[in-house]
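Asks: What would the 3D arrangement of this be:
(2 chains)
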Amino acid sequence: SQTIHQWPATLVQPVGSPLSLECTVEGTSNPNLYWYRQAAGRGLQLLFYSVGIGQISSEVPQNLSASRPQDRQFILSSKKLLLSDSGFYLCAWSFNQPGELFFGEGSRLTVL
Amino acid sequence: AQSVSQHNHHVILSEAASLELGCNYSYGGTVNLFWYVQYPGQHLQLLLKYFSGDPLVKGIKGFEAEFIKSKFSFNLRKPSVQWSDTAEYFCAVKTGGYQKVTFGTGTKLQVIP
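Replies: Now for the predicted structure:
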């Protein structure tokens, strides 16, 4: 069966520090991968999605970037965090049924 | 660009009451539509989906949704809610050949015993 893992689960970082959140999917190949940010009252904001290695689509211009160095690995990064980057980040994948997403546990980032 | 609107941000119902949560999307082409649910402390999970065919789709736990193309709507319904339905509900849309999935702002449902 397929599983998705995200880490770290929680992270507290100072303003200006770098960020790396990782997401790995197991049990499938060539999945579509997604990064969302969930904020209270604002739903899920799509940040990035990827249909293959090295293929990244960015939805919102911002302080973050994404990379897909391997087929089942998706990384969310920042060189210098801002206070506004605080939030709950969700990784998700889909495969045979486009749009039918399976979500990870989420990573809560607090920038101080 | 595609967008999804959920009109109700917070709904409070008594057990056995009927539920209807509104969802409208803006896109003129082919769409795939979804409702996701997030129970307290749990992951987001798929409740039901529409790809094609019968516009009335049934999901888990007695939920159903109706796709009305002329109204660009995909409202979620349940005839009789239970306390265990307390959760946040998200409508989502995927358009055409793209893999982008856009979510609405969510509706928090609180069911009072």
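Asks: Contacts only, for residue 15.
Replies: The chain I'm using is chain A. With C-beta atoms under 8 Å, 6 or more residues apart in numbering or on different chains as the criterion, the residues that contact residue A:15 are A:80-83, A:111-112. No exception for glycine: its C-beta is placed from N, CA and C like everyone else's.
Asks: if you could check chain B rather than the one you did, that'd help
Replies: Taking C-beta under 8 Å, 6+ apart as the contact definition, residue B:15 lies against B:80-83, B:111-113.
Asks: That one and residue B:81: what is the separation?
Replies: 6 Å (C-beta to C-beta, to the nearest Å).
Asks: which neighbours do the two share?
Replies: Between them, residue B:15 and residue B:81 share the neighbouring residues residue B:111, with contact defined by C-beta under 8 Å, 6+ apart.
Asks: circling back to that earlier point, need the contacts of residue B:15 in a markdown table (columns: secondary structure, neighbour count and pLDDT).
Replies: Putting these into a markdown table (DSSP: H, G, I helix; E, B strand; the rest coil; neighbours: other C-beta atoms under 10 Å in any protein chain shown; pLDDT from 0 to 100) gives the following:
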| residue | secondary structure | neighbour count | pLDDT |
| --- | --- | --- | --- |
| B:80 | coil | 12 | 97 |
| B:81 | coil | 22 | 97 |
| B:82 | coil | 13 | 97 |
| B:83 | helix | 11 | 96 |
| B:111 | strand | 19 | 97 |
| B:112 | strand | 11 | 96 |
| B:113 | coil | 7 | 91 |
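Asks: who's residue A:25 bridged to?
Replies: Here residue A:25 sits in beta bridges with residue A:4, as judged by DSSP bridges.
Asks: next one: phi and psi at residue B:41?
Replies: The phi and psi values for residue B:41, taken as degrees, to the nearest 10, are phi 80, psi 10.
Asks: residues touching the residue nearest to residue B:20 when sequence neighbours are not counted, list them.
Replies: Spatial nearest neighbour of residue B:20, chain neighbours left out: residue B:77 (5.0 Å); criterion: C-beta to C-beta, 6 or more residues apart in numbering or on different chains. Residues in contact with residue B:77, defined by C-beta under 8 Å, 6+ apart, are B:18-21, B:63-66.
Asks: ok, back up a step: just curious, which of the contacts of residue B:15 is nearest to residue B:27?
Replies: Distances from residue B:27 to the contacts of residue B:15, taken as C-beta to C-beta, are shortest for residue B:81 (29.7 Å).
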